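[1] Sequence plus predicted model, see below.
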Amino acid sequence: MTASVKVVDHPLVQHKLTMMRRREASSAEFRKLLHEIGLFLGYEALKDLPLGHVMIDTPVTAFNAPVISGKRLTFISILRAGEGLLAPLLDLVPGASVGHIGLKRDEVTLQPSQYLFKVPPHVTTNLVIVLDPMLATGHSAIRAIADLKEAGARNIRFICLLAAPEGVAALQEAHPDVAITTAAIDEKLNDIGYIVPGLGDAGDRLFGTEDH
Ligand SMILES: O=P(O)(O)OC[C@H]1O[C@H](OP(=O)(O)OP(=O)(O)O)[C@H](O)[C@@H]1O
Ligand SMILES: O=c1cc[nH]c(=O)[nH]1
Ligand SMILES: [Mg+2]
């Protein structure tokens, strides 16, 4: 069975995404908006975390109160652009462990090459959330998740800001066990592998490295 694809269509998310897509949005605006949307995406992707209970004292009474229990979390940032989602996810779950996978897409072949793979040992037992704003051909996400499985990860979810239908289909085909949470599925890829209408190169826009 194929895992779910959840599009977070909340008006606040859609509005903020529109602001990000604008050519004239600065890196500072882009980063801030990605952070804000990342909080909503994380909220949605983690909504089934199991709860336990602990006894606490409020100023009024003792109370058996809900707390997150059981699942420990590892966030995996696909460099560079994943860093823009890592920060809001760590705001939500400060105690999560963090791994980094450095991938750079070749502009001609559209295949990613890996320059870093550094993940904590608990990926084998934790719930692993892979973060990358862009799911275009899907090659980068597919490679990252394959390498995480090779490292022993078994329980993996993927959060992105924006997906192409081609990327969603490819990721579902390669990793049918991985649920996807995104703010939008756009129309298509263009002939150089960019999401249309998209927002351009997320890494460059986050870090201000686009060609001038
Ligand atoms: O689905 P795909 O076709 O693989 O494309 C998506 C990948 O491309 C971008 O990274 P990029 O290679 O530009 O690296 P960067 O984050 O350093 O800019 C993006 O952040 C994804 O990792
Ligand atoms: O549209 C795209 C496709 C791949 N990577 C990006 O950053 N943007
Ligand atoms: Mg890039």
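    All right, it came through fine. Ligands and ions are numbered 1, 2, ... in the order given.
[2] Can you list the residue ranges for helices in the chain?
    11-21, 27-45, 83-92, 139-150, 165-174, 202-207 (DSSP state H).
[3] between the biggest strand by length in the chain and helix 83-92, how many degrees?
    The residue-count maximum for a strand in the chain (DSSP state E) belongs to strand 97-105. Note on geometry: by axes from the mean of the first three to the mean of the last three CA atoms, to 10 degrees, strand 97-105 and helix 83-92 are set 170 degrees apart in direction.
[4] Pull up the residues of this structure that are close to ligand 2.
    Residues of the chain found near ligand 2 (CB under 6 Å from any ligand atom) are M134, A136, G193, Y194, I195, G198, D201, A202, G203. Every C-beta, even on glycine, is put in place using the N, C-alpha and C of the backbone.
[5] Are any of those residues buried, and if so which?
    Buried residues within the residues of the chain next to ligand 2, counting neighbours by 16 or more other CB atoms under 10 Å: M134, A136, G193, Y194, I195, G198, D201, A202, G203.
[6] can you pull the pLDDT of the third one?
    Pointing back at G193 there. At G193, the pLDDT value in this model is 97.
[7] Contacts only, for it.
    Contact partners of G193, counting by CB atoms under 8 Å, 6 or more residues apart in numbering, are R105, E107, L110, A136, T137.
[8] A169 is in contact with the last one, correct?
    No: the pair T137 and A169 does not pass the contact test of CB atoms under 8 Å, sitting 10.3 Å apart.
[9] Please identify which of those two sits among more neighbours.
    It is T137, of T137 and A169, that has more neighbours when counted by other CB atoms under 10 Å, with 20 against 13.
[10] Let me see the contact set for whatever residue of the chain ends up closest to ligand 3.
    Residue nearest to ligand 3 within the chain: G203 (3.4 Å; CB to the ion). G203 sits next to R80, A81, T209 when contact means CB under 8 Å, 6+ apart.
[11] Help me see whether stretch 92-110 makes contact with ligand 1, please.
    Yes: counting by CB under 6 Å from any ligand atom, contacts between stretch 92-110 and ligand 1 involve L103, K104, R105, L110.
[12] State the distance from the first one to M134.
    Computed with CB to CB, to the nearest Å, the distance linking L103 and M134 is 11 Å.
[13] Could you report the neighbour count for A151?
    For A151, the neighbour count with other CB under 10 Å is 15.
[14] My guess is it contacts T124. True?
    Yes: look at A151 against T124 with CB under 8 Å: they come within range, at 7.5 Å.
[15] ok, the contacts of G203 vs L46, which is closest?
    A81 (20.5 Å; CB to CB).
[16] Can you name the residues that contact the closest one?
    By CB under 8 Å, 6+ apart, the contact list for A81 reads D132, P133, M134, A202, G203, L206.
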